[in-house]
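1. Below are the sequence and a predicted model; questions follow.
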Amino acid sequence: MKRLLTLLSLCLFSLGMLTACNTVAGAGQDIQKAGDKIEDKAQDCKDGRC
């Protein structure tokens with residue numbers, strides 16, 4: 001019974017970690033896209049098109 005509980009706990013922990021990785025990866029992509037937009041706007045202003 002103790003072994004079953006340990007395996008179940010390990011499975012739940014693993015699923016939680018996978019979900020967290022996907023969330024962090026998605027947030028990183030969103031931040032990167034925002035940074036790209038800011039960089040593009042800064043370049044436009046530098047070129048005098050602001």
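-> That came through, no problem.

2. Going along the chain, name the helices of the protein.
-> Using DSSP state H, the helices found in the chain span residues 2-46.

3. For it, give me the ranges with low pLDDT.
-> Along the chain, no part satisfies pLDDT under 70.

4. make it 80
-> 11, 14-22, 24, 49-50 (pLDDT under 80).

5. Look through it and report the residue furthest from the middle.
-> Distance to the chain centre peaks in the chain at M1, reaching 36.8 Å (criterion: Cα atoms, centre = their mean).

6. How much space separates it from L8?
-> Using Cβ to Cβ, to the nearest Å, M1 is found at 11 Å from L8. The C-beta positions use only the backbone N, C-alpha and C, and glycine is treated the same way.

7. just S14 next, same as before
-> Remark: distance between S14 and L8 (Cβ to Cβ) = 11 Å.

8. same thing with G28?
-> Applying Cβ to Cβ, the value for G28 to L8 is 31 Å.

9. now do T23
-> 23 Å.

10. now swap in A42 and tell me
-> Distance from A42 to L8, by Cβ to Cβ: 51 Å.

11. for K33, same thing?
-> Distance from K33 to L8, by Cβ to Cβ: 38 Å.

12. any idea how far stretch 35-50 is from the chain center?
-> With Cα atoms, centre = their mean, to the nearest Å as the basis, stretch 35-50 stands 25 Å off its chain's centre.
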